[in-house]
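Engineer: Next one to model:
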Amino acid sequence: METTVKLHDMFSYSNKILVVLLLLIIFIVVLFFIIRYLMNRPKKIEVIVPEKKDINSIKRNYISKIDKLHSDLDNKTITSRKAYQELSSLIRNFVYEVTNIKVQSCTLKDIKKLNMPVLYELISEYYDPEFNKVSRGNILNSIDKTKEVINRWY
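Structural biologist: Here you go, the predicted structure:
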């Protein structure tokens, strides 16, 4: 009894597997480039036009708040330290309302980076009387400077 074993050539098997693998590789490469393109394509820039603000009305509002602060100080219903804190809050809120730059919680160093020298000068003037143990400063002079800054704001 004679048995023979017939060996097949290496590439004599079906080409279907090779074709499927090649198509799969091409699909993965194309998918990779599509995803890469979608992630790196330029974003459409959306321009948002800010609403027109009545700056004179905003100025009048903050000047009246500062005048109220001044009268509270004259009536001795608040301390000088509290007045400096209120003044700092008022000028920061004014700048935010006029420019939409959120300076309410910025440190003095952050304000300096914003390149607003007038605001930086005012806030740095408030820092010592506001945060030192003994509040030293001329609050009336600071109130006048703050009102002047608000009045001169563009």
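Engineer: Alpha carbons only: can I get stretch 26-38 in CSV?
Structural biologist: These are the backbone C-alpha positions of stretch 26-38, laid out as CSV (Å, rounded to 0.1, in the frame of the first residue of the first chain):
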residue,chain,number,x,y,z
ILE,A,26,-6.4,50.1,2.9
PHE,A,27,-9.6,50.8,4.9
ILE,A,28,-7.7,51.5,8.1
VAL,A,29,-5.2,53.8,6.4
VAL,A,30,-8.0,55.8,4.7
LEU,A,31,-10.0,55.9,8.0
PHE,A,32,-6.8,57.2,9.7
PHE,A,33,-6.4,60.0,7.2
ILE,A,34,-10.1,61.0,7.4
ILE,A,35,-10.0,61.2,11.1
ARG,A,36,-6.8,63.1,11.1
TYR,A,37,-8.2,65.6,8.6
LEU,A,38,-11.4,66.1,10.6
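Engineer: Quick one: mean pLDDT over it.
Structural biologist: With pLDDT averaged residue by residue, stretch 26-38 scores 93.
Engineer: and the next element down the chain from the helix with the most length in the chain?
Structural biologist: Identified as the longest helix of the chain according to DSSP state H is helix 16-40. As assigned by DSSP states H and E, the chain's next helix or strand after helix 16-40 is helix 55-74.
Engineer: which residues sit against that next one?
Structural biologist: Counting contacts by Cβ atoms under 8 Å, 6 or more residues apart in numbering, the residues outside helix 55-74 that touch it are 78, 80, 83, 86-87, 90-91, 93-94, 97-98, 139-140, 143, 146-147, 150-151, 153-154. (C-beta placed from N, C-alpha, C; glycine too.)
Engineer: what about 10 Å?
Structural biologist: 54, 77-80, 82-84, 86-87, 89-91, 93-95, 97-98, 139-140, 143-144, 146-147, 150-154 (Cβ atoms under 10 Å, 6 or more residues apart in numbering).
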